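In: Sequence and predicted structure are below.
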Amino acid sequence: MSLLLSCASARTSNLFCSSQKVNGRERELQYPILPNHNKDLNFLIKKLAQPLTAVLLAVSPIICFPPESLGQTLDIQRGATLFNRACIGCHDTGGNIIQPGATLFTKDLERNGVDTEEEIYRVTYFGKGRMPGFGEKCTPRGQCTFGPRLQDEEIKLLAEFVKFQADKGWPNVSTD
């Protein structure tokens, strides 16, 4: 149907169709005539360049680092939002402004024995060294954050997000 609609326009019939109606009968064009090809091409480029660029930019993170599923994409976005709310003050882009040897990059996570989601969860919940714990039932009190606590599900999302980002080398993730 879209082919019929695109062929119905006199302006586009020679650009997109290999047939033409003459006297109510359709005939194949052996050599399609391209009237004013440059004008039509410039028109298409002007109208489609910005929307296509926007689409390519929007999907480029998905193309470069494809998630396994839509659910994983949503979890990554939720994890990124939580990370930006609770962790980015010390761990911007996976670094560590308090203790440089304790970044969230794979080599430091492995060296510090925190290279699995379970270990990342444990450290986030209870804290370790200079990092305070964020879990609801974190003890001892001096090791835990004085700010708002995170629920178990939120810490699980953070652990998944940190592990995912570490495995990918900490690419930027939009939270929009």
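Out: Yep, it's here.
In: give me the number of residues near residue 88?
Out: 12 (other CB atoms under 10 Å). Quick note: C-beta positions are derived from backbone N, CA and C, even for glycine.
In: what pLDDT does it get?
Out: Per-residue confidence (pLDDT) for residue 88: 92.
In: What's the separation between it and residue 167?
Out: Computed as CB to CB, to the nearest Å, the residue 88 to residue 167 distance reads 19 Å.
In: same check, this time on residue 141
Out: Using CB to CB, residue 141 is found at 34 Å from residue 167.
In: More neighbours: these two, which one.
Out: residue 167 (12 against 8).
In: Excluding chain neighbours, what is closest to that one?
Out: Leaving aside its chain neighbours, residue 167 sits nearest to residue 106 (6.8 Å; criterion: CB to CB, 6 or more residues apart in numbering).
In: ok, that neighbour touching residue 115?
Out: Yes: using CB atoms under 8 Å, residue 106 is in contact with residue 115, at 6.9 Å.
In: Quick check: neighbours shared by these two?
Out: Counting by CB atoms under 8 Å, 6 or more residues apart in numbering, the contacts common to residue 106 and residue 115 are residue 166.
In: And the residue nearest to residue 167, how far from residue 165?
Out: 10 Å.
In: Looking at those two, which has the bigger crowd around it?
Out: residue 165 (24 against 17).
In: ok, the more buried one touching residue 95?
Out: No: using CB under 8 Å as the test, residue 165 is too far from residue 95 to be in contact (11.7 Å).
In: remind me which residues of this structure are low pLDDT?
Out: 1-37, 57-71, 173-176 (pLDDT under 70).
In: any chance you could map the strands in it?
Out: Counting by DSSP state E, residue ranges of the strands within the chain are 19-22, 25-28, 127-128, 131-132.
In: shared neighbours of residue 165 and residue 95, anything?
Out: residue 104.
In: dump the residue contacts of residue 135.
Out: 124-126, 144, 149-150, 152, 155.
In: where along this protein do the helices fall?
Out: 2-8, 13-16, 37-64, 70-86, 88-91, 106-111, 117-126, 152-168 (DSSP state H).
In: mind putting the ones you listed in a markdown table, distance to residue 132 included?
Out: Below are those laid out as a markdown table (distance: least, CB to CB, whole Å):
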| stretch | distance to residue 132 |
| --- | --- |
| helix 2-8 | 59 |
| helix 13-16 | 63 |
| helix 37-64 | 31 |
| helix 70-86 | 11 |
| helix 88-91 | 10 |
| helix 106-111 | 18 |
| helix 117-126 | 9 |
| helix 152-168 | 13 |
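In: So for residue 136, which of these sits nearest?
Out: Among those, the nearest to residue 136 by CB to CB is helix 152-168 (7.2 Å).
In: Report all helices and strands that the closest one contacts.
Out: If you count contacts as 3 or more CB pairs under 8 Å, 6 or more residues apart in numbering; DSSP states H and E, helix 152-168 packs onto helix 70-86, helix 106-111, helix 117-126.
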